[in-house]
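Visitor: next come a sequence and a model predicted from it.
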Amino acid sequence: MAALDKGITRNGEGLSGKTWNILGQVYFPKAACESTFAFETNSEPGQFVPVHIHPTQEEFILVQEGMLDLKLDGVWVQARAGDLVRLPRGISHGYFNKSDRPARALFWVSPSRKLEALFNQLHNLTDVAEIVRLSADHEVNFLPEDANA
């Protein structure tokens, strides 16, 4: 992976104009290098990412707009605009937009490992079993569905 490029990734844009559609959510890559990978998510009401684990990465979420309900290590918590969520590697987590308004957040992981490559493969996929399989191949392990309750 290349070194971090200097510059600005504009609001509403991704690096080099890239955008991902991951199960209806819009993701924009914001910065990428070996030590970190940052991306923006835009979640409409009802959208979510099920509970999963990153065994090789620390993850952070800065809620920029709206509110996210998160299941962190088995406990439900809520993060609002301006809040920073810290997720040590190995901690189960999922995020859910249970509100009636869109939510926007900046996520980043360290080190970057295989996450950007995963998002490239997940773009426009709709087969959930294939998404779970590809995710496991890229060091993102989804828990059984009952973990989301």
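Guide: Arrived safely, thanks for sending.
Visitor: which residues are in contact with Gln25?
Guide: For Gln25, the contacting residues are Thr41, Asn42, Ser43, Glu44, Gln47, Val49, by Cβ atoms under 8 Å, 6 or more residues apart in numbering. Where C-beta positions appear, they are placed from N, C-alpha and C, glycine not excepted.
Visitor: for it, grab phi and psi.
Guide: Geometry field for Gln25 lists phi and psi as phi -90, psi 140, criterion degrees, to the nearest 10.
Visitor: tell me where the chain has helices.
Guide: Under the criterion DSSP state H, the chain contains helices at 115-122, 128-137.
Visitor: with mean neighbour count and mean pLDDT as new columns, can those helices be given to me in CSV?
Guide: Formatted as CSV, these follow (neighbours: other Cβ atoms under 10 Å; pLDDT from 0 to 100):
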stretch, mean neighbour count, mean pLDDT
helix 115-122, 18, 96
helix 128-137, 14, 95
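Visitor: using JSON lines, lay out those helices together with distance to Ser92.
Guide: Listed next are the helices of the chain as JSON lines, based on distance: least, Cβ to Cβ, whole Å:
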{"stretch": "helix 115-122", "distance to Ser92": "17"}
{"stretch": "helix 128-137", "distance to Ser92": "14"}
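Visitor: isn't Val85 up against Asp69?
Guide: No - Val85 lies out of contact with Asp69 (Cβ atoms under 8 Å); the separation is 11.3 Å.
Visitor: for Leu62, list each beta-bridge partner.
Guide: Leu84, Leu106 (DSSP bridges).
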